[in-house]
Every structure is written in C-alpha cells, then in structure tokens.
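Novice: compute the structure for the input listed below.
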Amino acid sequence: MRAAFEQDQMSRRPSEAFREAALESWAHHLGTGLHVTRAEADAWLAALEAGNDVEPSRAHR
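Specialist: Got it, this is the predicted structure:
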C-alpha cells in the first residue's frame, strides 16, 4: 500500500510542477502582455524539426 502511495505521489509531482509553471507564465503574460503568436511558435518548431538551430521568436505585445 505504501509503495502505491509513493508511486502516486511521484507521478503527481511533475504534473504539479507543470501546472505551477503554467500559472506563473500566465500571470507574467497578464502583467506584461508579452506573447508569441501560434504562427511564430509553429514556424520556430518547424525550423527545429528541420534540423536548424534557431532561436525562438522574441516575445512582443
């Protein structure tokens, strides 16, 4: 029973950390208005997928 509890706790930690990071990012966006568009993010990811070592788009308002 203890092993099941510990395994459950370990599986929750990464998702909780992800949730906290997402909330911090959202709060930063609300405070600054900085963002990248979906098209900008898609273009950056496509360049990475093509093997290009490119910097991500700069956030803007």
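
Novice: now for residue 15, how many residues are close by?
Specialist: By other Cβ atoms under 10 Å, 9 other residues sit near residue 15. For glycine as for every other residue, the C-beta is placed from the backbone atoms N, C-alpha and C.

Novice: for the remainder of this discussion, apply numbering that starts at 25.
Specialist: In the new numbering, first residue 25, that becomes residue 39.

Novice: can you give me the helices in the protein?
Specialist: Along the chain, counting by DSSP state H, helices occupy 26-56, 62-73.

Novice: out of these, nearest to residue 82?
Specialist: Residue 82 lies closest to helix 62-73 among the helices of the chain, at 9.0 Å (Cβ to Cβ).

Novice: check which residues of the closest one are buried.
Specialist: residue 68 (16 or more other Cβ atoms under 10 Å).

Novice: can you list contacts of it?
Specialist: The contact list for helix 62-73 (Cβ atoms under 8 Å, 6 or more residues apart in numbering) reads 60, 78, 80-81.

Novice: what's the most distant pair in the residues you listed?
Specialist: With Cβ to Cβ as the measure, no two of the contacts of helix 62-73 lie farther apart than 60 and 78, at 13.3 Å.

Novice: of these two, who's got more company?
Specialist: Shown here are residue 60 and residue 78; by other Cβ under 10 Å, residue 60 has more neighbours (15 against 12).

Novice: quick check: chain neighbours aside, which residue is closest to the more buried one?
Specialist: residue 81 (4.7 Å; Cβ to Cβ, 6 or more residues apart in numbering).

Novice: quick one on the thing from earlier: turn the helices of the chain into JSON lines, columns for distance to residue 85 and mean pLDDT.
Specialist: Shown next, in JSON lines, are the helices of the chain (distance: least, Cβ to Cβ, whole Å; pLDDT from 0 to 100):
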{"stretch": "helix 26-56", "distance to residue 85": "8", "mean pLDDT": "84"}
{"stretch": "helix 62-73", "distance to residue 85": "13", "mean pLDDT": "97"}
